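> requesting a structural model of the entry that follows:
(one chain, ligands or ions: 2)
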Amino acid sequence: MAKTTNEYVCQSCGATSSRWAGRCPSCGEWNSIVEETSAASPLDAKARRKSRTAGVALEGLNDEVPPLERLETGIGEFDRVIGGGLAPGGAMLLAGDPGIGKSTLLLQLAAKLACEGKSAVYFSGEEAAQQIRMRAKRLGVSDAPLALAAETNVSAITAALEAGSPPDLIVIDSIQTLWSDMLEAAPGTVSQVRASVQALISYAKRRTSTIILVGHVTKDGQIAGPKVVEHMVDTVLYFEGDNSHLFRLLRSVKNRFGPANEVGVFEMSGAGLREVSNPSALFLGERDQVSPGAAVFAGVEGSRPILIEIQALVAPSHFAAPSRAVVGWDAKRLSMILAVLDARCGLKLGNQDVYLNVAGGLRISEPAADIAVAAALLSAHSGVALEGNTVYFGEISLSGAIRPVSHSAMRLKEAEKLGFKTAFTPAFGEKPERSSGITLTALRHLSELAAEFETERVSTGTHRRVAAG
Ligand code: TYD
Ligand code: MG
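Numbers count the residues shown, from 1 in each chain. Ligands and ions are numbered 1, 2, ... in the order given. Got it, this is the predicted structure:
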């Protein structure tokens, strides 16, 4: 019988200690330490002696590598994000808020593979088989030869898998419901999740099946409880979006088989998730009427250019501390741009409320959006609408100098493709290819952008376009 010991495990970072504490000494999280019973490793003395004497065979770096045969899922956006298809023996974690569409995406994926003659198994710990069947009906994939089970016990799952031939794809929905009868801790605790995931990944590696694990995300954006799972898998995908918008972003944050930070765009429809092949159209919105305060940012998400409208509103404040509200961008970054506009261009907004919104519900983290934000603010303040067919990109430094950003050529190409005619870009850095259809205005300093509004306001009054130089 394995010896059992009690230990105190932080449910946030997985650190163990021999005593309980109100605050985890490792990650600083409050009230996250829970007593768990851990079974000592069940290795018997003989096995232990063997493992100590067996030794390992060492290999060279340039030994023969068989090419990685990827399994394409047929969902193009998904394949692109993971680097070109499922890697056999790969373990993937799909994390996201509850209700964002993780189960829907994986059911569509598994059904698609099953229809193409691959074997796929879907284990659900959250929904009964009947519920999944209803969802499959809604998605129009009821006829797919997909194997389904509602099970949460890891031993039962691995026993079921060992009984047949190894499937091409295993889906586990979700890791928080898994439990292993080797441990006494409750399902969802760090030791349970860690032990269960370990057992499943080792099965997948041994039998070269791809395994996709679903993980829920807590309010503050962490994968619920165990961050430890992120270290155990090969690929970590985040499925994001908000419930008031229909689009969903699939983002790879870690990938041992391909590029990280790749982004795929989906749209939730009545019949499941649809791939969005031209996301710019989604985030540009209606652009036949241009109004002051709207600027188009030529952004890049992963390896893909996306044009996004940035909207600003500046209004006199009735309070001592004017409000600064931001949706879809970093509030601190907005404060910085306002300070630079104030100090370097003399734009005083100290007694004005400022609102900034990224259209379509997208969240941008690129500093390249600085210029577009500044243009939107200048336009909102002056009441001068920007020209509808102009894009902006470039980073602003504290001195007001415009810093170069990556992927200029890609941004301009996308803008040109969508019919934009002019672009405000950084003066230095990567020289874009000669793009025929776009007139460039190279900026060295933010004051050059601000000056466009000054001359415009003096000469033509409000509601006129800003001409590209
Ligand atoms: P679900 O995949 O259950 O989310 P998760 O597994 O991430 O918790 O998605 C649930 C939401 O998706 C639910 O609010 C309904 C919506 N939905 C659609 O809009 N269309 C569909 O075809 C399906 C299946 C779900
Ligand atoms: Mg679900």
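
> could you use CA atoms for every contact and neighbour count after this?
OK.

> sec struct for Glu183, please.
One correction, residue 183 is Leu, not Glu. Following DSSP: H, G, I helix; E, B strand; the rest coil, the label given to Leu183 is coil.

> Ser17 - how many residues pack around it?
Other residues lying near Ser17 total 17 when counted by other CA atoms under 10 Å.

> typed the wrong thing, it's Ala442
Residues near Ala442, counting by other CA under 10 Å, number 17.

> please name the residues that touch it.
By CA atoms under 8 Å, 6 or more residues apart in numbering, the residues touching Ala442 are 424-427.

> tell me the residues of this protein that contact ligand 1?
Within the chain, the positions lying close to ligand 1 (CA under 6 Å from any ligand atom) are 98-104, 135, 138-139, 268-272.

> re the thing from before, and the contacts of Ala442, which of them are in strands?
Among the contacts of Ala442, DSSP state E puts 424-426 in strands.

> ok, those residues vs Asp173, which is closest?
Nearest to Asp173 among those: Thr425, at 45.5 Å, using CA to CA.

> nearest residue to the closest one other than its sequence neighbours?
Leaving aside its sequence neighbours, Thr425 sits nearest to Ala442 (CA to CA, 6 or more residues apart in numbering; 5.1 Å).

> and what about that neighbour, helix, strand or coil?
With three-state DSSP as the basis, Ala442 sits in strand.

> that one and Arg135, how far apart?
Counting by CA to CA, to the nearest Å, the gap from Ala442 to Arg135 is 52 Å.

> where does Ala467 land on pLDDT?
pLDDT for Ala467: 42.

> how about the contacts made by Ile170?
Contacts of Ile170 (CA under 8 Å, 6+ apart): 120-123, 209-212.

> that's a helix at it, yeah?
No. Assessed with three-state DSSP, Ile170 is strand; it does not lie in a helix.

> what about the helix or strand in which Leu249 is found, average pLDDT?
For Leu249, the element it lies in under DSSP states H and E is strand 247-255. Across strand 247-255, the average pLDDT comes to 91.

> that one: how far from the chain's middle?
Between the centre of strand 247-255 and the centre of its host chain there is 4 Å, according to CA atoms, centre = their mean, to the nearest Å.

> count of residues packed around Ala359?
Using other CA under 10 Å, Ala359 has 19 other residues around it.

> help me confirm that it comes into contact with Leu282.
No. Counting by CA atoms under 8 Å, Ala359 does not reach Leu282; the two are 9.1 Å apart.

> Cys345 reaches Ser447, doesn't it?
Yes. Contact status for Cys345 versus Ser447: in contact at 5.4 Å, counting by CA under 8 Å.

> how close does Arg333 sit to Leu398?
On the measure of CA to CA, Arg333 and Leu398 end up 11 Å apart.

> quick check: bridge partners of Thr210?
With DSSP bridges as the criterion, Thr210 is bridged to Leu169.

> how near is Arg207 to Ile170?
Taking CA to CA, one finds Arg207 at 11 Å from Ile170.

> so where's the protein shaky on pLDDT?
Low-confidence segments of the chain (pLDDT under 70): 1-4, 38-53, 218-226, 285-288, 430-436, 455-469.

> quick one, strands of the stretch 351-469 of the chain?
If DSSP state E, counting those that start in this stretch is used as the criterion, the strands of the stretch 351-469 of the chain fall at 352-358, 390-392, 395-396, 402-403, 422-426, 439-443.

> tell me which of those sits most buried.
Stretch with highest mean neighbour count among those: strand 390-392 (a mean of 27; mean count of other CA atoms under 10 Å).

> all good on my end, thank you.
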